[in-house]
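**Q** model this:
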Amino acid sequence: MRAFLIRALMALILATGLGGAVLARTKPLPIKVVIVTTFEIGADTGDMAGEFQPWVEGLPLTHQIAIPGVRHIARYSDDGVLAIVSDMRGRARDSVAALVLSPQFDLSKAYWIVSGIAGVDPKAASLGSAAWARYVVDADPIYEVDDRDIPAGWPYGLYANDAERPNVKGKAEGSSAMVWTLDRGLVDWAYALTRDVRLPDSPALQGLRAGYVGDPQGQRPPFVLQGDALGTVRFWHGVRRTQWAEDWVKLWTDGAGTFTMTDCEDQGILDVLDAHAASGRIDRRRVLVLRTASNYSRAPQGQTSLPHVFHGEGLKAGFDATFRVGGVVARELTAHWDRYASDIPTAASITAGRSQ
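**A** Model prediction:
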């Protein structure tokens, strides 16, 4: 009787599709590429897309799996791509930590693509553009004084911890590394692989960028570039704040970085990945950050901030660009895993691969 019950239970597990979930818990699933998105609108397929849906439908990601500590059901493909919705702001830290610590996956050789929309500095790029970050700079550990109360000569009321005025590098010990440098060879490779990807333009996007006459990069049709990300959990907008962001990225990268995209999660995600890299669970050299422009960080010169914050056409263009650009990299990695499993690519890898 007991043997019969065991056989019946096993048949039920297989019939209901639970067998794969059991296997995922007992034998870690080797992952080649992790996609981290931060939110989705409605369902994962078949409706208005957010950040996650273009990846689910585009690759496609046909399997579902629940990860304890990650609120949204994750998806993965037969060829080793796993994608999650981390949720936004502070929740992104929790979700990425839960993923890294999960025994369901082997992430030791996985490449990471942090992929989501962002605000863009019109000095750097236009709506619908996609930027591969070389640096991620944390803007959360900060002192803030009301701009109406700042001393004469201050450009704004934001300055670093343990500093006494703006544009002086302070300290954030016990709080943040402040700046994370992405592997330059890998970033150059991803950019070289995708710089000619054609990103859609539209009359609506043309109208939104038309006012930025003093910002030639902000008036271009959508394009792929290298540009750095500033991360802070608060949403901000305006001329003074954009000037602060430009200065802040220059300050913390010792002049090497260029503020391009502003988002709410990259600083938390990179902090978590750094914390777990020493254990060997992940390889921090294999991390890419791709941000796509859904809105400008300020209004056109001489205009007020509102109503220039969000527009639906910019959001759609940003969602679309995440997969159009990032998907090229994910597919290349999985298609040639025999090459990339052991060797992190550089821009020179593209030329070498074409000659073989």
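**Q** going forward, measure contacts and count neighbours with C-alpha atoms only.
**A** Fine.
**Q** Helices of this protein, start to end?
**A** For the chain, the helices defined by DSSP state H occupy 2-15, 19-26, 53-58, 90-101, 184-194, 203-209, 239-252, 266-277, 312-335, 337-340, 347-355.
**Q** quick one: the fifth one to helix 312-335, angle?
**A** I take that to be helix 184-194. Angle, helix 184-194 to helix 312-335, by axes from the mean of the first three to the mean of the last three CA atoms, to 10 degrees: 110 degrees.
**Q** The helices of the chain into a markdown table, with extra columns for distance to I150 and mean neighbour count?
**A** Formatted as a markdown table, these follow (distance: least, CA to CA, whole Å; neighbours: other CA atoms under 10 Å):
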| stretch | distance to I150 | mean neighbour count |
| --- | --- | --- |
| helix 2-15 | 65 | 11 |
| helix 19-26 | 56 | 14 |
| helix 53-58 | 44 | 20 |
| helix 90-101 | 29 | 20 |
| helix 184-194 | 38 | 20 |
| helix 203-209 | 32 | 16 |
| helix 239-252 | 13 | 20 |
| helix 266-277 | 27 | 21 |
| helix 312-335 | 34 | 21 |
| helix 337-340 | 52 | 14 |
| helix 347-355 | 46 | 12 |
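**Q** Export the ones you listed as TSV, with columns for mean pLDDT and distance to R148.
**A** Formatted as TSV, the helices of the chain follow (pLDDT from 0 to 100; distance: least, CA to CA, whole Å):
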stretch	mean pLDDT	distance to R148
helix 2-15	38	65
helix 19-26	44	56
helix 53-58	98	43
helix 90-101	96	29
helix 184-194	98	41
helix 203-209	97	30
helix 239-252	98	12
helix 266-277	97	29
helix 312-335	97	32
helix 337-340	97	53
helix 347-355	68	48
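**Q** and of these, who's closest to Y159?
**A** The closest of the helices of the chain to Y159 is helix 239-252. By CA to CA, the value is 8.7 Å.
**Q** How far does the closest one sit from its chain's centre?
**A** On the basis of CA atoms, centre = their mean, to the nearest Å, helix 239-252 sits 20 Å off its chain's mean C-alpha point.
**Q** Ok, which of the helices of the chain comes nearest I142?
**A** Nearest of the helices of the chain (CA to CA): helix 239-252, 10.6 Å.
**Q** which helices and strands does that closest one pack with?
**A** Packing partners of helix 239-252 (3 or more CA pairs under 8 Å, 6 or more residues apart in numbering; DSSP states H and E): strand 259-263.
**Q** Need the residues that contact the strand it packs on.
**A** Residues from elsewhere that reach strand 259-263, judged by CA atoms under 8 Å, 6 or more residues apart in numbering: 117-121, 124-125, 131, 227-233, 235, 245-246, 249-250, 291-293, 297.
**Q** cool, stretch 203-220 as well?
**A** Residues from elsewhere that reach stretch 203-220 (CA under 8 Å, 6+ apart): 121-127, 221, 299-301, 313-314.
**Q** again with stretch 61-72
**A** Residues outside stretch 61-72 that contact it (CA under 8 Å, 6+ apart): 21, 55-56, 73-78, 81-82, 84-87, 94-96, 98-99, 102, 104.
**Q** returning to that earlier point: switch the helices of the chain over to CSV, and while doing so, append distance to T38 to every line.
**A** Converted to CSV, the helices of the chain look like this (distance: least, CA to CA, whole Å):
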stretch, distance to T38
helix 2-15, 32
helix 19-26, 24
helix 53-58, 11
helix 90-101, 7
helix 184-194, 21
helix 203-209, 24
helix 239-252, 22
helix 266-277, 10
helix 312-335, 11
helix 337-340, 26
helix 347-355, 28
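**Q** closest one to R284 among those?
**A** The nearest among those, by CA to CA, is helix 266-277 at 5.9 Å.
**Q** Pull the distance from the closest one to the chain's centre.
**A** 12 Å.
**Q** Check stretch 313-332 too.
**A** The answer for stretch 313-332 is 11 Å, by CA atoms, centre = their mean.
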